[in-house]
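Chemist: only the shape, not the letters, is given here:
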């Protein structure tokens, strides 16, 4: 024993160590990542082509719906929720995978800094703001909207 070290006879016993979690992500970030992956899995593995078209028709943000909603499924009503739900739709596994990695990396500090409720409200407020620059005269912004738009054009050309 060195001269600098004191005997440790009088020190209390250490508490048992707690196991470290596998994922060191805040719960809101982990839930959101799981939700994104579950929606993509349902879209690819459960739904057929018609089901995917309906999913995108009802949940993707389609700016054209403001101008003329008569030819779109649901009419004008989905414009109420699509500014919020468009962020859950992705064009493929690479797209959702990159977004989940990005969310885990950059959403964690936000959730840790602001807490669960505040970071959840920031995400909720941020989604319509992400859809707002896409005016009705512009082409669809997200790749999921583009995919839906292509299928709508095919249906429209088949009808006429």
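Modeler: Perfect, I can see it now. What you see is a predicted model, and the numbers here were worked out from it, not measured in a lab.
Chemist: so what pLDDT did residue 101 get?
Modeler: On pLDDT, residue 101 comes in at 94.
Chemist: just the element for it, please.
Modeler: helix 93-114 (DSSP states H and E).
Chemist: now do the buried residues in that helix.
Modeler: Judged by neighbour count using 16 or more other CB atoms under 10 Å, the buried positions of helix 93-114 are 95, 96, 99, 100, 103, 104, 107, 108, 110, 111. C-betas here are computed from N, CA, C, even on glycine.
Chemist: for those, give me CSV that also has distance to residue 37.
Modeler: Shown next, in CSV, are these (distance: CB to CB, whole Å):
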residue, distance to residue 37
95, 12
96, 6
99, 10
100, 6
103, 11
104, 11
107, 14
108, 17
110, 20
111, 18
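Chemist: pick the one among those closest to residue 28.
Modeler: residue 111 (5.3 Å; CB to CB).
Chemist: what part of the chain, helix or strand, is modelled with the least confidence?
Modeler: Using mean pLDDT, DSSP states H and E, helix 143-159 stands out as the lowest-scoring helix or strand of the chain, at a mean of 53.
Chemist: what distance do you get for residue 84 to residue 61?
Modeler: Distance of residue 84 to residue 61, computed by CB to CB, to the nearest Å: 9 Å.
Chemist: okay, the two: which has more neighbours?
Modeler: Taking other CB atoms under 10 Å, residue 84 and residue 61 do not tie; residue 61 has more neighbours (27 against 17).
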